[in-house]
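Novice: got a predicted structure plus its sequence, pasted below:
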Amino acid sequence: MAAFVLYALSIGALAQVKAFDTSRMDRNADACDDFFEFANGTWVKNTEIPPSETRWGTFNILIDQNTNYLHEILENAAKSKSAKGSVGGRRCVGYDFQ
């Protein structure tokens, strides 16, 4: 079970391999006149804020992805047939899935 958790976490860590995604930049904007537009222009133009949100950014996307990964890990742990209290058991992060 521990190997599965490490594997699942490593998959999530590889989801974004670029530290700074240059495709989000607007190279048509003059960096000296409007650096924000230059650095973020394409992302701002192409990204729609979900109706349920008041703001939206890469950290919101990261939080959603991590929440989904953790949910999947915990669901799989809950389905595990390991003995309660064992390393592969149903106890995870202080919650008991009985």
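Specialist: Here it is on my side, so go on.

Novice: dump the C-alpha coordinates for the lengthiest helix in the chain into CSV.
Specialist: Longest helix in the chain by number of residues (criterion: DSSP state H): helix 58-79. Provided in CSV are the C-alpha atoms of helix 58-79 (Å, rounded to 0.1, in the frame of the first residue of the first chain):
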residue,chain,number,x,y,z
THR,A,58,-2.4,28.5,-11.1
PHE,A,59,-2.6,27.9,-7.4
ASN,A,60,-6.4,27.2,-7.6
ILE,A,61,-5.7,24.7,-10.4
LEU,A,62,-2.9,23.1,-8.2
ILE,A,63,-5.2,22.9,-5.2
ASP,A,64,-8.0,21.2,-7.3
GLN,A,65,-5.5,18.7,-8.8
ASN,A,66,-4.0,17.8,-5.4
THR,A,67,-7.5,17.5,-3.9
ASN,A,68,-8.4,15.0,-6.7
TYR,A,69,-5.2,13.0,-6.2
LEU,A,70,-5.7,12.8,-2.4
HIS,A,71,-9.3,11.8,-2.9
GLU,A,72,-8.3,9.0,-5.2
ILE,A,73,-5.5,7.8,-2.8
LEU,A,74,-7.9,7.8,0.2
GLU,A,75,-10.7,6.0,-1.8
ASN,A,76,-8.2,3.3,-2.8
ALA,A,77,-7.0,3.0,0.8
ALA,A,78,-10.6,2.7,2.0
LYS,A,79,-11.2,-0.2,-0.5
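
Novice: helices or strands up against that helix?
Specialist: Applying 3 or more C-beta pairs under 8 Å, 6 or more residues apart in numbering; DSSP states H and E, we find helix 58-79 packed against helix 2-13, strand 91-92. Where C-beta positions appear, they are placed from N, C-alpha and C, glycine not excepted.

Novice: one more pass at 10 Å, please.
Specialist: For helix 58-79, the contact count by 3 or more C-beta pairs under 10 Å, 6 or more residues apart in numbering; DSSP states H and E identifies helix 2-13, strand 91-92, strand 95-96 as packing neighbours.

Novice: residue contacts, residue 20?
Specialist: By C-beta atoms under 10 Å, 6 or more residues apart in numbering, the residues touching residue 20 are residue 39.

Novice: helix, strand, or coil at it?
Specialist: Put simply, residue 20 is coil when judged by DSSP: H, G, I helix; E, B strand; the rest coil.
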